[in-house]
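**Student:** Kindly generate the corresponding structure for this input.
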Amino acid sequence: MAYPQPLTPEENLAAAKKLLNLPHIVVICGSTRFMTQMNEADLRETKAGKIVVKPGIDMKSPHELTSDPAAAEALKARLGALHRAKIRLADEVLVVGDYIGDSTRAEIAYARSLGKPLQFTHPEVDPCPCP
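**Tutor:** Numbers count the residues shown, from 1 in each chain. As a prediction, the model looks like this:
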């Protein structure tokens, strides 16, 4: 007699989101140089009835949080981990901007490793336009 396999954490999350009747969740990725475009994408996706998560801090703009280089580097690492959690939470990834840097490239690879659907505002910058 075969016993059912326990659900993976991802399957548990998907089941919980379904039970809670949560709207589709989209995470916005991209260089923070595109914060204006990210905010516009946030408006469009929210208007479409989706929950939107995106970077909350622009590390490229001067701010007291980034004034100390060592503290800024530690913050950047924590924000990277936080953004990967946002990717795990999301149903879909929207990559904003016409440039893909190392951090965004890593986020795209991570999302693909999880099987997350990706959309690009500029599909020509997709580092792996896989089928």
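**Student:** so residue 78, which of the three states?
**Tutor:** helix (DSSP: H, G, I helix; E, B strand; the rest coil).
**Student:** which residues in the protein form strands?
**Tutor:** Applying DSSP state E to the chain gives strands spanning 25-29, 51-53, 92-95, 118-120.
**Student:** Quick check, pLDDT for residue 130.
**Tutor:** Listed pLDDT for residue 130 reads 66.
**Student:** Identify each buried residue in stretch 15-31, please.
**Tutor:** 17, 25-31 (16 or more other Cβ atoms under 10 Å). Where C-beta positions appear, they are placed from N, C-alpha and C, glycine not excepted.
**Student:** Let me see the mean pLDDT of that stretch.
**Tutor:** 95.
**Student:** now do the same end-to-end measure for that stretch.
**Tutor:** 32 Å (Cα to Cα, to the nearest Å).
**Student:** List the contacts of the closest residue to residue 99 other than its chain neighbours.
**Tutor:** Take residue 99 and drop its neighbours on the chain: the residue closest to it by Cβ to Cβ, 6 or more residues apart in numbering is residue 31, 5.9 Å away. Each residue near residue 31 by Cβ atoms under 8 Å, 6 or more residues apart in numbering is listed here: 60, 97, 99-101, 103-104.
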